[in-house]
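Participant: Below is the structure, and that's it, no one-letter string:
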């Protein structure tokens with residue numbers, strides 16, 4: 001009898017496969033990085049073919065490590081880096097261009113033009129998003145306008161679009177031999193093309209970007225009893241397994257953290273930070289720079305919505321210390337180095353490499369290190385990098401309270417940076433609330449597994465998921481109100497120094 005659920009977590013820097021049992025316990029995993037392609041300043045790309053190859057490899061290896069086979073799996077779920085955009089030929093499976101990653105800023109002029117032409121308010125009202133380089137719509141438009149032959153192929157119905165979930169699902173279910181072209185409501189809600197109320201592609205929004213509707217995948221629920229499709233028998237699993245769950249990575253983390261009731265929130269610390277607040281069946285339109293997004297939809301139930309604060313650069317700032325500056329050998333060294341000093345020594349680092357996302361939405365901003373004196377060392381910069389992760393989250397928490405009236409009493413956290421205990425302590429200090437980490441920190445993959453398992457009845461209802469959640473560690477604030485206020489005032493001053501650096505008119 002099949003007793004496990006598998007999940008593919010296709011992330012910004014790597015792809016992992018994880019296998020879970022009924023208690024939500026991890027029984028196996030494998031993970032592989034893929035290349036970050038940086039052709040020019042502000043451009044970030046991935047190779048879709050490499051991503052698919054990595055997906056197949058991690059699935060096979062995770063099963064081999066655990067001595068399991070496809071017959072042991074009741075279902076498969078997919079979660080993914082969200083706004084990253086791919087366009088490929090449905091007949092050959094060949095991508096027309098590299099995937100344009102969510103961090104990429106080449107579409108800044110497209111976003112600015114939308115505002116100038118008066119479309120910004122319509123996009124905010126219908127899609128819940130501001131015109132920004134972050135989202136998929138502008139990236140599709142860029143490919144249509146800049147890659148030879150794609151617009152003609154799209155109008156013929158040959159060129160199709162997908163975010164990474166759609167690309168992985170299409171390939172898993174046969175690709176050119178009948179692959180399923182589907183996305184879920186959470187990923188669709190990140191394109192600037194889906195109407196939050198109808199949960200369908202919106203013709204007026206499509207017209208702003210000049211996108212042919214036939215390019216787009218069908219939109220489905222995040223958890224389904226009738227599978228989106230079965231994995232191909234000649235694919236990496238070697239047998240048909242129902243794919244019954246799809247969630248964008250941050251919404252998957254909400255499900256993995258069982259933030260399934262209105263007012264519950266989590267923060268995921270990965271390449272960027274993503275803080276979501278469940279607003280229930282109510283669409284809360286932000287007036288303070290947050291995104292209104294679909295949190296999840298299970299089967300035919302009403303959709304659940306969320307407010308989100310998306311921060312572009314957090315964990316990738318630590319990678320920058322390692323890869324570009326060379327002051328640490330590995331991500332864990334950032335904690336060791338930062339512990340050499342008691343505070344930031346007056347140094348603030350605003351890692352606005354891709355502009356500033358929530359709650360500022362300033363594509364003209366660029367990174368800055370301010371407050372330096374000869375007293376400062378690489379340890380102060382490491383400490384300032386960890387603080388930047390936490391101060392950016394404070395920006396979002398304050399905006400969330402202003403929009404929703406909900407003041408957090410505790411913040412659930414997950415993702416790779418939660419292994420950095422100093423960073424989590426700083427987060428509690430900066431926010432003035434307790435920070436709690438679950439036993440299973442990889443809640444993104446777990447959420448995708450939960451969605452898939454709920455679809456096939458492996459878990460009968462969300463209460464079973466709540467029973468699985470267990471606390472691993474809790475951090476309580478140690479700063480007084482004066483320290484907290486002074487530190488945040490310095491941060492806000494530093495943010496001001498990053499603005500108006502790039503001309504995007």
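Facilitator: Noted; the coordinates are in hand. Just so you know, these numbers come straight off a predicted model, no measurement behind them.

Participant: Residue 137 versus the closest residue in space to residue 195 that isn't next to it in sequence, what's the distance?
Facilitator: Spatially, and ignoring its direct neighbours in sequence, residue 195 is nearest to residue 202 (4.2 Å; Cβ to Cβ, 6 or more residues apart in numbering). The C-beta positions use only the backbone N, C-alpha and C, and glycine is treated the same way. Using Cβ to Cβ, to the nearest Å, residue 202 is found at 11 Å from residue 137.

Participant: Show me whatever sits in contact with both of these two.
Facilitator: residue 193 (Cβ atoms under 8 Å, 6 or more residues apart in numbering).

Participant: Could you check which of those two has the larger neighbour count?
Facilitator: Neighbours were counted for residue 202 and for residue 137 using other Cβ atoms under 10 Å; residue 137 has more, 29 against 20.

Participant: The nearest residue to the more buried one once chain neighbours are set aside: neighbour count?
Facilitator: In space, residue 137 comes closest to residue 192 once its chain neighbours are excluded; the distance is 3.7 Å by Cβ to Cβ, 6+ apart. By other Cβ under 10 Å, the residues close to residue 192 number 32.

Participant: With residue 500 instead?
Facilitator: Residue 500: 12 surrounding residues under other Cβ under 10 Å.

Participant: Please look at it and residue 364 and confirm they touch.
Facilitator: Yes - contact status for residue 500 versus residue 364: in contact at 5.5 Å, counting by Cβ atoms under 8 Å.

Participant: before we move on, back to that, local confidence estimate at the residue nearest to residue 195?
Facilitator: Per-residue pLDDT puts residue 202 at 98.

Participant: Relative to residue 216, how far out is it?
Facilitator: 11 Å.

Participant: Give me the common contacts of the two.
Facilitator: Counting by Cβ under 8 Å, 6+ apart, the residues touching both residue 202 and residue 216 are residue 193.

Participant: show me where the stretch 201-350 of the chain has helices.
Facilitator: Remark: helices assigned in the stretch 201-350 of the chain by DSSP state H, counting those that start in this stretch are 203-209, 249-256, 315-320, 333-338.

Participant: Apologies, that question was intended for the stretch 401-505 of the chain.
Facilitator: 421-431, 443-455, 462-468, 481-497.

Participant: Of all those, which one comes closest to residue 10?
Facilitator: Of all the helices of the stretch 401-505 of the chain, it is helix 443-455 that lies closest to residue 10, at 9.9 Å by Cβ to Cβ.

Participant: residue contacts, the residue lying closest to residue 402 once chain neighbours are set aside?
Facilitator: Nearest residue to residue 402, sequence neighbours excluded (Cβ to Cβ, 6+ apart): residue 288, at 4.6 Å. Counting by Cβ under 8 Å, 6+ apart, residue 288 touches 359, 399, 400, 402, 403.

Participant: same thing but at 7 Å, please
Facilitator: 359, 399, 402, 403 (Cβ atoms under 7 Å, 6 or more residues apart in numbering).

Participant: so where is this protein shaky, pLDDT-wise?
Facilitator: 1-2, 504-505 (pLDDT under 70).

Participant: ok, back up a step: rebuild the helices of the stretch 201-350 of the chain as CSV, extending it with mean neighbour count and distance to residue 309.
Facilitator: Output for the helices of the stretch 201-350 of the chain, formatted as CSV (neighbours: other Cβ atoms under 10 Å; distance: least, Cβ to Cβ, whole Å):
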stretch, mean neighbour count, distance to residue 309
helix 203-209, 16, 23
helix 249-256, 31, 10
helix 315-320, 21, 16
helix 333-338, 20, 23
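
Participant: Kindly reformat the ones you listed as TSV containing distance to residue 157.
Facilitator: Converted to TSV, the helices of the stretch 201-350 of the chain look like this (distance: least, Cβ to Cβ, whole Å):
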stretch	distance to residue 157
helix 203-209	15
helix 249-256	30
helix 315-320	37
helix 333-338	49
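
Participant: among the ones you listed, which is nearest residue 158?
Facilitator: From those, taking Cβ to Cβ, the stretch that ends up closest is helix 203-209, at 18.0 Å.

Participant: packing partners for the closest one?
Facilitator: Applying 3 or more Cβ pairs under 7 Å, 6 or more residues apart in numbering; DSSP states H and E, one finds that helix 203-209 contacts helix 120-127, helix 136-146.
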